[in-house]
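Could you work out the structure for the sequence below:
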Amino acid sequence: MPTPELPHALATRFVALDVHRQYLVVGAVDSQQQVVLTPRRFGFAAFAEWAQVHFTHADVVVLEATSNAWLLYDQLQPLVAEVVVAHPQAVKLIAAARVKTDKRDTIKLASLLAANLIPAVWVPPPAVRELRALVTHRNRLVKQRTQAANRLHSVLHRYNLDPPPGIPFAVHQQEWWLALDLPLAEKLRVQQDLRLYQTLETLVQESDAELGRLSRL
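Predicted structure coming up:
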């Protein structure tokens, strides 16, 4: 069971993670903003092992709201007093420095944390994160489906063709599309876009079903 959060004023170490795509840099200051952990670079697997040994429940940790922030948050939360996920506004403060390096970024972020100046974001629970991720995925599928439909509509427009009656891209309309007298390259594009549209339609329906299931939990 995670230890109850330590009040910010009682923390003895303020740790910042500067997270990149392939690695992160960790550094820390104390309550007087003196460096107590010189910035070090880790791969993610090595950092996970290091964190198990070196973090304590007197630490407060800050990391930026990047795409993998929630995974790091979940890994660190049981090990420390508090994990703060920084709003991008904090990153803008760092970017304003004249000389920008990973080590400077890390200590600057740790100092902002020690001064209680980090604008934090709300950390959604795992179920909400899962729901959000699925909504984002569904929206991406819908966008791709719309792009395929627009390309098929443009074929009709270029050749002054009326669409078939009913739902123009439904599976039962496939014979109508394949029977069109089109140049070979155009016909291939139509076949592929039609197949792509129908595949994406199925994927959107599957996503909708899963969203419905998750919303009932």
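
Most remote residue from the middle of the protein, which is it?
Within the chain, the residue lying farthest from the chain centre (Cα atoms, centre = their mean) is Asp181, at 44.8 Å.

would that residue count as being in a helix?
No. Secondary structure of Asp181 (DSSP: H, G, I helix; E, B strand; the rest coil): coil, not part of a helix.

quick one: it and Pro168, what's the gap?
Separation of Asp181 from Pro168 (Cβ to Cβ, to the nearest Å): 18 Å. Where C-beta positions appear, they are placed from N, C-alpha and C, glycine not excepted.

now swap in Val128 and tell me
37 Å.

okay, these two: which has more neighbours?
Higher neighbour count among Val128 and Pro168: Pro168, with 17 against 12, using other Cβ atoms under 10 Å.

Give me the three-state assignment for that one.
Pro168 is classified as coil under three-state DSSP.

Phi first, then psi, for the residue most central in space within the chain.
Closest to where the C-alpha atoms of the chain average out (Cα atoms, centre = their mean) is Ser67, at 3.4 Å. Backbone geometry at Ser67, expressed as degrees, to the nearest 10, gives phi -60, psi -30.

Roughly how far does Leu180 sit from Tyr159?
According to Cβ to Cβ, Leu180 and Tyr159 sit 8 Å apart.
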